[in-house]
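A.B. asks: Coordinates only, no sequence provided:
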């Protein structure tokens, strides 16, 4: 189902504020979402991990029963009330990438709109995963905000660790290039804490590596993340 929020987000990614968008571009976005419903093959995998509190550190996160250590002050802060977390990976599949590349050769506007709508759709897939995870929570436990590698000080290479632990290449066909780009490109890796306290789930622009050159902030807007 295509929501008003999805329409607004897609228009914002394109660079057209919703209140200034004419019916032609709105209809193009809606038609593109409908096209994606036929082309995209969303696939998801996730796993719950226990956090280790044995070793105290201001910048390292340890996971029980794994050799994984993530150096991130932001995650240490995020997980201060957490004993466990979920790692997840999601993708729209290779056909979406193929269609974007095809449209880049045929019609650049169509390509831009498809790229924007695909970004909105993969975020919606991740939001739906969170709803599913919330339904599995024990009483008096809550999800933290969703953190992806590259956000704040979480290293991009953490995506590789997530994919390996999830066996994502085999399960959903998701891989990582040497430059830490996800393939297919319309994909997400992320980590979410399971907290003993209700957390502020809103992301802050100040944690974003692009804050100084962000076009949305210059226009007085937010990217939606």
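C.D. replies: Yep, it's here. The structure displayed is predicted, hence computed values, not measured ones.
A.B. asks: Let me see the contact set for the residue nearest the centre of the chain.
C.D. replies: Closest residue to the average C-alpha location of the chain: residue 188 at 4.6 Å, with CA atoms, centre = their mean. By CB atoms under 8 Å, 6 or more residues apart in numbering, residue 188 lies in contact with 88, 89, 90, 91, 122, 123, 125, 126, 148, 182. Placement of C-beta: from N, CA and C, glycine included.
A.B. asks: and those, which of them are in helices?
C.D. replies: 122, 123, 125, 126 (DSSP state H).
A.B. asks: how near is the last one to residue 102?
C.D. replies: Using CB to CB, to the nearest Å, one gets 25 Å for the distance from residue 126 to residue 102.
A.B. asks: cool, the third one as well?
C.D. replies: The gap separating residue 125 from residue 102 is 22 Å, by CB to CB.
A.B. asks: Compare these two (neighbour count), which wins?
C.D. replies: Taking neighbours as other CB atoms under 10 Å, residue 125 and residue 102 compare with residue 125 leading, 20 against 13.
A.B. asks: are any of the ones in helices among the contacts of residue 188 buried, and which?
C.D. replies: 122, 123, 125, 126 (16 or more other CB atoms under 10 Å).
A.B. asks: which one among these gets closest to residue 6?
C.D. replies: Distance to residue 6 across these (CB to CB) is lowest for residue 123, with 8.9 Å.
A.B. asks: That concludes my questions; thank you for your assistance.
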